[in-house]
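Engineer: Requesting a structural model of the entry that follows:
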Amino acid sequence: MGTKGLTFADFGLSKDVQLGIYEKGYEAPSPIQEESIPTALKGKNIIARAKNGTGKTASYSIPLIEKVDTSKDHIQGLVLVPTRELAMQTSFVIKELGKHKKIECMVSTGGNPVKEDIYRLYQTVHIIVATPGRILDLASKNVAKLNECKMLVLDEVDKLLSDNFKIIVAKIIEIMPEDRQISLFSATYPVAIRSFQQKYVPDPEFINLMDELTLKGVTQYYAYLEEREKLHCLNTLFSKLDINQAIIFCENAKRVELLAKKIAHLGYSCFYIHSKMQQADRSRIYHDFKNGETRCLVCTDIFARGIDI
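Structural biologist: Numbering: from 1, shown residues only. Modelled structure (predicted):
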């Protein structure tokens, strides 16, 4: 789906928000931004399907920031995400886009000490980016006051409505005002989302940008291999092609560690990351890889959920 040729100025955004967008380096809205930003600014509920890498984070962050009233010091927007890594990245985008509007955004995830979150919430917070369990805990203690928070975004909603999170997410929504606005973003649209939408997201605007199989400008290749051929294939790719960095996904933590050791034995610098590791270690490895300190990163799909390299 091509763009409509709109500019960010066409959305009627404030000068402070437009300046944040300009300094972030966004030249023109992507298709998902063209569809979702004006819809969200009108206060409509949204169910959007879009791939990672299409500008999805900015598509909900920009209207969130625009609609915050900074003269009020209560929580006005909540973004729920399934992983700490995605929470950190999303909050970084919101802080950069909202810096000229003086938006106060905080991250609240299970990896942070609760005392730190409580202390931060005694100060002004306009937008929270959180994993479900932690924010429900803080809301239940009445530390995170969501009774006036009217904007909710569920990013990677297919994960957020899995059995691990579904009941928690429902409890969070029930704490919020009845006239809340909810936006759901996901690459897939399983049955769980449909039943959730019918109960909690009335009269949504559906946005589907999944018509193309791959992202524009990205060429995908695949090879059918036997299990025993995979390591040899990787070695061949590294030796024959000019690959600066590579991310390799495995189905579980055990296979991640095993493959990382084998790649290191081949003589290539390699880090690994999976959900069983400590949060601090995962964050350190993520930033080291992003800064180019290693050639290979082996990981489970925890690292595929919207992470920007």
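Engineer: all helices for the chain, in order.
Structural biologist: Ranges of helices in the chain, per DSSP state H, are 15-24, 31-41, 56-67, 84-97, 114-121, 132-140, 157-160, 166-175, 191-200, 230-240, 253-265, 279-290.
Engineer: Show me what the third one packs onto, helices and strands only.
Structural biologist: When you say that, I think you mean helix 56-67. Secondary-structure packing of helix 56-67 (3 or more Cβ pairs under 8 Å, 6 or more residues apart in numbering; DSSP states H and E): helix 15-24, helix 31-41, strand 77-80, helix 84-97, strand 151-155, strand 181-186. C-betas here are computed from N, CA, C, even on glycine.
Engineer: Turn those into TSV, columns for mean pLDDT, distance to residue 49 and mean neighbour count.
Structural biologist: Formatted as TSV, these follow (pLDDT from 0 to 100; distance: least, Cβ to Cβ, whole Å; neighbours: other Cβ atoms under 10 Å):
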stretch	mean pLDDT	distance to residue 49	mean neighbour count
helix 15-24	94	24	17
helix 31-41	94	9	22
strand 77-80	98	17	26
helix 84-97	93	17	22
strand 151-155	96	12	25
strand 181-186	94	6	24
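Engineer: wait, which of these is closest to residue 237?
Structural biologist: helix 84-97 (25.9 Å; Cβ to Cβ).
Engineer: report the angle between the axes of the closest one and helix 279-290?
Structural biologist: Interaxial angle, helix 84-97 versus helix 279-290 (axes from the mean of the first three to the mean of the last three Cα atoms, to 10 degrees): 60 degrees.
Engineer: Residue 177 - how many residues pack around it?
Structural biologist: 11 (other Cβ atoms under 10 Å).
Engineer: got it, and the one 3 residues further on?
Structural biologist: Residues within reach of residue 180, counting by other Cβ under 10 Å, total 17.
Engineer: Let me know whether it touches residue 173 as I believe.
Structural biologist: Yes - at 7.4 Å, residue 180 counts as touching residue 173 under the criterion of Cβ atoms under 8 Å.
Engineer: Return every residue with contacts to both of those two.
Structural biologist: Residues within reach of residue 180 and of residue 173 at once, by Cβ atoms under 8 Å, 6 or more residues apart in numbering, are residue 152.
Engineer: about what we covered before: nearest to residue 8, of the helices and strands packed on helix 56-67?
Structural biologist: Judged by Cβ to Cβ, the one of the helices and strands packed on helix 56-67 that comes nearest to residue 8 is helix 15-24, at 5.2 Å.
Engineer: List of residues touching the closest one?
Structural biologist: 8-9, 13, 58, 62, 65-66, 93, 96-101.
Engineer: which one of those sits closest to residue 295?
Structural biologist: Closest to residue 295 out of those is residue 93 (26.7 Å), distances taken as Cβ to Cβ.
Engineer: Nearest residue to the closest one in space, ignoring adjacent ones along the chain?
Structural biologist: residue 57 (5.1 Å; Cβ to Cβ, 6 or more residues apart in numbering).
Engineer: Please name the residues that touch the one you found.
Structural biologist: By Cβ under 8 Å, 6+ apart, the residues touching residue 57 are 89-90, 93, 155, 306.
Engineer: Any chance of those in TSV with distance to residue 162 as columns?
Structural biologist: Below are those laid out as TSV (distance: Cβ to Cβ, whole Å):
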residue	distance to residue 162
89	20
90	19
93	24
155	14
306	16
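Engineer: just for the stretch 151-300 of the chain, where's the confidence low?
Structural biologist: By pLDDT under 70, the low-scoring segments of the stretch 151-300 of the chain are 211-220.
Engineer: what's the spacing between the residue nearest to residue 93 and residue 278?
Structural biologist: 25 Å (Cβ to Cβ, to the nearest Å).
Engineer: Right, I'll leave it there.
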